[in-house]
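Trainee: Test case, fold it:
(chains A and B)
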Amino acid sequence: MNMSINRRQFLSYSFYSGALLIACPLPAIGKPSATGDSSGALTPLVSISQDNHITFYSPSPEMGQGIDTSLSMLFVEELGGDMSKVSVEPLPYFLKRDSEGKITWQVVPQFSGGSTSISRNWTLVREVGATTKQLFIQAAARAFKTPETSLSVESGYVNLPEGRKVSLGYLTDLAAKQTLPEAFKPTVKARDDWKIIGKSHFTQESKKIVTGQPLYGMDMEYPNAKICLIARCPFLDGELKSLDDSDALAMDGVIKIVTLPRPDLDKFYTYLAAGVAVIAENFWSAKKARDSLKIVWDKGPNSNESTKNLHQQCDDLLTQKGQVVREDGNYQEAIDNAAKVITKTYKLPLVSHAQLEPQNCIAHVTEDNCTIIAPMQGPGGGSRHAERITGFDRVKMDVRYPRLGGGFGRRLTNDHVAEAVTVSKLAGMPIKLIWTREDDLSHDFYRPMGHHQVTAGIDKDGKVTAWSHRLAGTPKYYRRDGVEVKDYFGADMYVDDFPAGRVKNIRNEYFPAKFSAPQGSWRAPAHTANAFVIHSFVDELAMEMNKDPLALRLEMLGEPEALEYGQHGGPVFHTGRMANVLKMAAKRAGWGRKTSEGTGLGIAGHFTFGGYCACVAEVKLNADGSFRVNKVFAAIDVGTVVNPEGIKSQVEGGMNDGLSAALGQQIIIQNSQVVNNNFDSYNMMRMGDSIKQIEVEIVDSNEDPAGAGEMGIPPLAPAVANALVAAGGPRIRHHPMTAPLA
Amino acid sequence: MSSIKVNGKSVELSGDQDMPLLWFLREKLSLVGTKFGCGIGSCGACTVHINNKAVRSCTLPIGALVNEDVVTIEGLAATQEGISDLHPVQQSWIDFNVAQCGYCQAGQIMAVTDFLNRFPSPTDDDIDTHLTNLCRCGTYSRMRQAIHHAAKQMRAEKGEAK
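Mentor: Next comes the predicted model:
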């Protein structure tokens, strides 16, 4: 099955096909082409066919976050198109070399991660839309000999004088030939004129999804590509000692077997494990052959590692003095003078991404080039790996990223791409690498684990005057290119998070634990852990102080004010916006109402990557100690609302995802191997434990838009933990909430 | 070598008889709507109908099949009488904008269509107990709404048919 057209085809389409590519200058990246090409810097973000159908080429890989829909809305709004006639395809990979030989994106960065796709493209895509509209206005003015000022574009048509109109499709040829006036600057619509932005739009791909059309990397085919499975060394940093592949080679359908060297210790990961790659006619032959390999592994330098020991290590680290990563005022003095000191420790495990589509990658390394087709959040990173492995120019590579069957940060690291390219190069043939679920859970870049010790000093007036957060855990930046150990904390402790700036005396300490399992970004990275810790602890403080948990939060947030926020999502954290979503969620939930026996309400709100999200969870505690989240009332403020439906579904999904991670998930490692490597033992939430009903209220404002893919997760787990206590249950200070740490 | 029906067409079960039906469908028949998720029958992404019952195809060897009637997501609507375009469950999935990444949804829909045949007026408890497919995106709350809606549509259609 072919996914979209490749780059070369795409370019030729723009010249020869009836579905003409609209080539329009990109003022936002605005450099004329260095090659002296008279067309200037062109963008291939859209094509409009003669039957008036708009195809928008999205620069942000779609992984379920709904970015295809929202980016196309921005474009179509400014163009004056009809959203019911819009489809979205991934923008073909376009790199170029600038005049200094540096590689940059030809059109616009092609990437999804950190909830940045909306904020990065907000102005740019609208301006491209407005520019495209101008081309159609010019075309219509010329064709119908009428002044430009007499024309407007609406719902896919240019309105002509006297109530006549002409379709964009009809004008496409002519529009593509227009030259913009020298001084042209696109003007985007005023907010009051929006017809599409701010209204709910559904996923355009829905029908293809519910009818099982080939959309994902796993569904892609490539001429002569054979299926590849890799037997990876199960021991972290172990390597291949000996291999007997005679049985495998004798099996039907087995084509070739190649070995992959172990990645260098203490170097940036290209891929994760030494291995033996089996290439066969089909998945089942490859799987059977892989199972038949007789391999002796050298267990390597970490063969005694276990998560049990790792938790012990973190307990021990917390008894020592760590790296002070934030110090405000005089913490020690404030603690010494406090009327009351409260300390609690919270523990979180390693968790896996477990996106439903296992890793996969088609790779074809030829004598002078390389093709990659894979689920990737950052195709640029994938091609960088391929360049290192093949030595070929990545500007020329054919790189394609179909719809992702879940991303969640797993496809930010392109280890699957590196593996597939390596195997294709060694085997000298195109291959389609498929990971099994066991491969996926055993060789992930896990969400870092950590033990968090939080202390608050309260003065005699009941005010929090001292605050310390000490974290011992596995650093996400472990083995990152160019990151020094002293900077490890930055990915796991966001030092400007609440209550920084609101408590006078603060000391944050970090202790990087030593552990060889790879760590990575997992949806809303460190916010998932930190929100659970901080917002559980605030509730514990409220109980100690006999204050209402919402009232204490509002008191601690203080007056509405923009506080400096230096991490991703800054430059400011606005206390008023946080207080507002807390109050909205509380109001919707009827905060303070009397609940039935065994039912409790819990609240939490968190600032994640520029978005403010709060929720109240309603939890029913059963007599046997089990519990169920019956309802969640959420409120979210991500600034200007592009697609309300998109935000709503992301919050709903995020909340269930957050619950799933909190309830049962933990990666367990014994003797340096992952032991719970499939869904029978890695405990993901199913319908029976899911949140029965979620209400989402959205704040609309004129603030710059943030994304919405990650904001829903962080507040959920602490709200549930707090609700459980309100329901008469125990205070749970660990994930998984329903099982001991192992 | 036995043969089965897949979406109404007769198909010979050639090749390795140990091969799970999932891979036969995906690789031999290019019916890739049925998804690989876990390979142990746990996540349900590979759910198909066999003789009108939802079955997880990733652990079912083709050698165990004789004359069965297999329906995949691609054939769900077409193989049902009176449905030309979309099954009410598929339509409900669109109307409630259920899918996020969408990878698990074909399996979810196959599980739900069978479930609604057995539980035409499901309670929330029925849904909780009998639907066990995984969704990492967390679309469960939407699915629950879509299931209730589809059930209503299907009941109404049955009523009309009488």
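
Trainee: A:Ala139 is in what secondary structure piece?
Mentor: For A:Ala139, the host element (DSSP states H and E) is helix A:117-144.

Trainee: Quick one: list the elements packing against that helix.
Mentor: Helix A:117-144 sits against strand A:24-25, helix A:67-79, strand A:152-154, strand A:157-159, strand A:165-167, helix A:168-176, with contacts defined as 3 or more C-beta pairs under 8 Å, 6 or more residues apart in numbering or on different chains; DSSP states H and E. Backbone N, C-alpha and C define where each C-beta goes, glycine included.

Trainee: at 6 Å what do you get?
Mentor: helix A:67-79, helix A:168-176 (3 or more C-beta pairs under 6 Å, 6 or more residues apart in numbering or on different chains; DSSP states H and E).

Trainee: Enumerate the positions of it that are buried.
Mentor: Using 16 or more other C-beta atoms under 10 Å in any protein chain shown as the test for burial, helix A:117-144 gives A:117-122, A:124-141.

Trainee: Run the angle between that helix and helix A:168-176 for me.
Mentor: 90 degrees (axes from the mean of the first three to the mean of the last three C-alpha atoms, to 10 degrees).

Trainee: Just name the most buried of the helices and strands packed on helix A:117-144.
Mentor: Between those, helix A:67-79 has the highest mean count of neighbours, a mean of 26, where neighbours are mean count of other C-beta atoms under 10 Å in any protein chain shown.

Trainee: So for the helix or strand that it is followed by, what gets flagged as buried?
Mentor: Remark: after helix A:67-79, the chain's next helix or strand is strand A:86-90, criterion DSSP H and E. Residues of strand A:86-90 classed as buried: A:Val86, A:Val88, A:Glu89, A:Pro90 (neighbour count, 16+ other C-beta under 10 Å).

Trainee: thought the last one was touching A:Tyr401?
Mentor: Think A:Pro90. Yes - checked against C-beta atoms under 6 Å, the pair A:Pro90 and A:Tyr401 is within contact range at 5.5 Å.

Trainee: Where does the prediction get shaky in chain A?
Mentor: A:1-43 (pLDDT under 70).

Trainee: Excluding covalently adjacent residues, which one is nearest to A:Arg593?
Mentor: A:Leu601 (7.7 Å; C-beta to C-beta, 6 or more residues apart in numbering or on different chains).

Trainee: That neighbour belongs to a strand?
Mentor: Yes - assessed with DSSP: H, G, I helix; E, B strand; the rest coil, A:Leu601 lies in a strand.

Trainee: Chain B contacts on the stretch 551-700 of chain A?
Mentor: A:652-653, A:656-657, A:678-680, A:684, A:686-688, A:690-691, A:694 (C-beta under 6 Å from any C-beta of the partner chain).

Trainee: Compute the number of surrounding residues for A:Lys207.
Mentor: By the criterion of other C-beta atoms under 10 Å in any protein chain shown, A:Lys207 has 15 neighbours.

Trainee: Next, it: phi, psi?
Mentor: When quoted as degrees, to the nearest 10, the phi and psi of A:Lys207 stand at phi -70, psi -40.

Trainee: How about residues contacting the strand or helix carrying A:Leu554?
Mentor: Using DSSP H and E, the secondary-structure element containing A:Leu554 is helix A:549-557. Helix A:549-557 is contacted from outside by A:Pro499, A:Arg502, A:Asp539, A:Ala542, A:Thr575, A:Met578, A:Ala579, A:Leu582, A:Ala586, A:Trp591, A:Ile603, using C-beta atoms under 6 Å, 6 or more residues apart in numbering or on different chains.

Trainee: between those, which is closest to chain B?
Mentor: Relative to chain B, the closest of the contacts of helix A:549-557 is A:Ile603; by C-beta to the nearest C-beta it sits at 19.3 Å.

Trainee: Test my guess that the closest one contacts A:Cys615.
Mentor: No - A:Ile603 is beyond contact range of A:Cys615, at 7.3 Å (criterion: C-beta under 6 Å).

Trainee: In JSON lines, list the helices and strands packed on helix A:117-144 along with distance to A:Ala661.
Mentor: Formatted as JSON lines, the helices and strands packed on helix A:117-144 follow (distance: least, C-beta to C-beta, whole Å):
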{"stretch": "helix A:67-79", "distance to A:Ala661": "22"}
{"stretch": "helix A:168-176", "distance to A:Ala661": "45"}
